[in-house]
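J.: Got a predicted model here, sequence first, then my questions.
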Amino acid sequence: MKNHYDVIIIGAGPAGLECARTLMDSEYQVLILDKSKIIGTKICAGGVKDSEDIVDVPEQLVKRFDKHISYLRGHKTVLSLSKDQFKCFERIDFGQYLLKQIVKAKNITIKNPVLVKKIGKGEIETNQGNFTYKYLVGADGSNSIVRSYLGLGSKHCMGLYYNILPTSNELIAYYDPKTIKTGYIWEFPHKEVNNVGIYFDLKLLNPQKAKQYLQDYLKLRSYEFTENEFYGALINYDYQGHEFGNIFLCGDAGGFASRLHGGGMSNGMTSSRDIARKILDDNYDYQGIKIILDKKKQESRLLDMAERLPAWVLDILLFVVLKLVKLPFIGKRINLM
Ligand SMILES: Cc1cc2nc3c(=O)[nH]c(=O)nc-3n(C[C@H](O)[C@H](O)[C@H](O)COP(=O)(O)OP(=O)(O)OC[C@H]3O[C@@H](n4cnc5c(N)ncnc54)[C@H](O)[C@@H]3O)c2cc1C
């Protein structure tokens with residue numbers, strides 16, 4: 001069995017697959033490893049803004065919306081959406097779509113399910129033997145073994161959701177600073193199910209309480225839900241660097257997800273594409289990552305301030321923002337959608 005590769009990518013989520021796609025047809029022999037039996041099986045609400053245009057998903061796989069409804073407790077704000085502003089899709093469809101693009105490439109080998117157990121200098125240990133590398137890319141998500149090897153801690157937020165039978169076709173965000181703090185509840189209708197979940201920062205809310213608030217919301221909306229269709233996972237937003245000699249971190253492993261809303265597919269793909277470009281050209285200057293980091297800095301400033309405010313002040317501020325967002329010239333700048 002061949003066991004040396006120029007580039008080993010751990011993780012075949014959006015970040016790992018996009019990294020491999022960018023290295024496709026290059027001089028490098030690439031190995032991509034994932035512990036999942038089926039690529040794309042990730043706990044995720046599968047919603048993205050079209051302005052995050054790197055996520056190009058075939059239209060037949062997506063669900064689109066003509067409006068976005070925000071609730072600040074009882075106050076309702078409706079924003080019209082153009083057909084190409086927001087879409088929802090199943091992660092499994094997305095993963096399989098990305099996989100199809102690289103599966104025939106001569107320089108890419110995909111092995112799964114393979115669990116990477118240990119990282120070493122120039123070598124990794126898996127449950128199917130050891131592999132050596134020139135470059136290693138950690139695209140292994142929010143509990144990254146590559147990140148741990150580099151000695152980096154993480155800061156996590158969390159998403160919990162129920163998949164329920166579709167009873168509504170509305171794209172909804174629900175805020176209540178007194179309970180959910182800086183987080184929110186979402187409703188993302190998909191083709192087959194509706195995904196209703198809660199996003200929150202673990203330092204402000206514990207998962208038990210968050211789950212309770214989510215259930216209260218579902219009851220308020222008279223939605224039926226079952227524990228068989230309950231899912232939750234961590235999201236790492238703690239960026240501490242992405243290049244460590246010949247080891248790179250991208251996507252959630254690198255802490256690229258948004259602390260503001262928890263979305264991370266788009267940042268994951270941009271960061272991993274940049275890392276692949278750097279591997280291909282040492283002079284590459286990480287243009288995409290610079291843009292993400294600027295945005296993450298702004299989000300952090302906003303959240304650091306919001307977290308210090310009493311809930312009632314945050315409530316008033318949100319009320320004002322949701323009113324302002326209706327005014328076209330301000331709405332475009334705030335860009336909630
Ligand atoms: C509840 C929830 C809802 C979300 N909703 C959205 C949303 O609507 N929109 C959005 O943009 N983002 C959303 N996110 C965030 C999004 O899922 C992540 O940001 C995104 O998946 C990150 O991609 P990634 O490729 O970096 O990591 P992942 O998608 O996590 O992929 C990592 C891969 O690495 C593999 N792996 C991990 N460890 C090992 C190992 N030791 N050996 C081998 N393989 C390994 C895993 O099997 C996995 O396939 C949500 C997250 C959660 C938890």
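T.: Sure, I can see it. Residues are numbered from 1 along each chain as shown.
J.: Span of stretch 80-89 from start to end?
T.: Using CA to CA, to the nearest Å, the end-to-end distance of stretch 80-89 comes to 20 Å.
J.: What parts of the stretch 51-200 of the chain come near the ligand?
T.: Where proximity means CB under 6 Å from any ligand atom, the interface of the stretch 51-200 of the chain facing the ligand comprises 115-116, 139-141, 145, 159, 161, 197. C-beta: built from backbone N, CA, C; applies to glycine.
J.: OK, contacts around residue 215?
T.: Shown in contact with residue 215 (CB atoms under 8 Å, 6 or more residues apart in numbering): residue 225.
J.: could you give the mean pLDDT of the regular element (helix or strand) spanning it?
T.: When elements are assigned from DSSP states H and E, residue 215 belongs to helix 207-220. Averaging the model's pLDDT scores along helix 207-220 yields 98.
J.: again, but for stretch 152-169
T.: The predicted confidence, averaged over stretch 152-169, sits at 95.
J.: which residue packs closest to the residue nearest the centre of the chain, ignoring adjacent ones?
T.: Relative to the mean C-alpha position of the chain, the nearest C-alpha, by CA atoms, centre = their mean, is the one of residue 264, at 2.3 Å. Residue nearest to residue 264 in three dimensions, not counting chain neighbours: residue 257, with 3.1 Å by CB to CB, 6 or more residues apart in numbering.
J.: Let's verify the one you found: helix, strand, or coil?
T.: Going by DSSP: H, G, I helix; E, B strand; the rest coil, the secondary structure assigned to residue 257 is coil.
J.: what's the answer for residue 153, then?
T.: Assigned with three-state DSSP, residue 153 falls in the coil class.
J.: Correct me if wrong: it contacts residue 238.
T.: Yes - using CB atoms under 8 Å as the test, residue 153 is close enough to residue 238 to be in contact (7.1 Å).
J.: Which one of the two is surrounded by more residues?
T.: For the pair residue 153 and residue 238, the greater number of neighbours falls to residue 238 (19 against 10), based on other CB atoms under 10 Å.
J.: who are the neighbours in contact with that one?
T.: If you count contacts by CB under 8 Å, 6+ apart, residue 238 has them with 152-156, 255.
J.: hmm, which two among these are most spread apart?
T.: In terms of CB to CB, the contacts of residue 238 reach their longest pairwise distance at 152 and 156, which sit 12.9 Å apart.
J.: so where's the stretch 1-150 of the chain uncertain?
T.: 1, 53-54 (pLDDT under 70).
J.: ok, which stretches of it are helices?
T.: Along the stretch 1-150 of the chain, counting by DSSP state H, counting those that start in this stretch, helices occupy 14-23, 91-102, 145-149.
J.: list the buried ones in the shortest one?
T.: In terms of neighbour count (16 or more other CB atoms under 10 Å), helix 145-149 has its buried residues at 145-147, 149.
J.: next structured bit after the longest helix along the chain?
T.: Scanning the chain for the longest helix, with DSSP state H as the assignment, gives helix 287-308. Sequence-wise, the next helix or strand beyond helix 287-308 is helix 311-324, with elements assigned using DSSP H and E.
J.: That next one to helix 287-308, inter-axis angle?
T.: Angular relation of helix 311-324 and helix 287-308 on a 0 to 180 degree scale: 130 degrees, by axes from the mean of the first three to the mean of the last three CA atoms, to 10 degrees.
J.: Who are the packing partners of helix 311-324?
T.: When contacts are defined as 3 or more CB pairs under 8 Å, 6 or more residues apart in numbering; DSSP states H and E, helix 311-324 sits against strand 67-72, strand 75-80, helix 177-180, helix 328-334.
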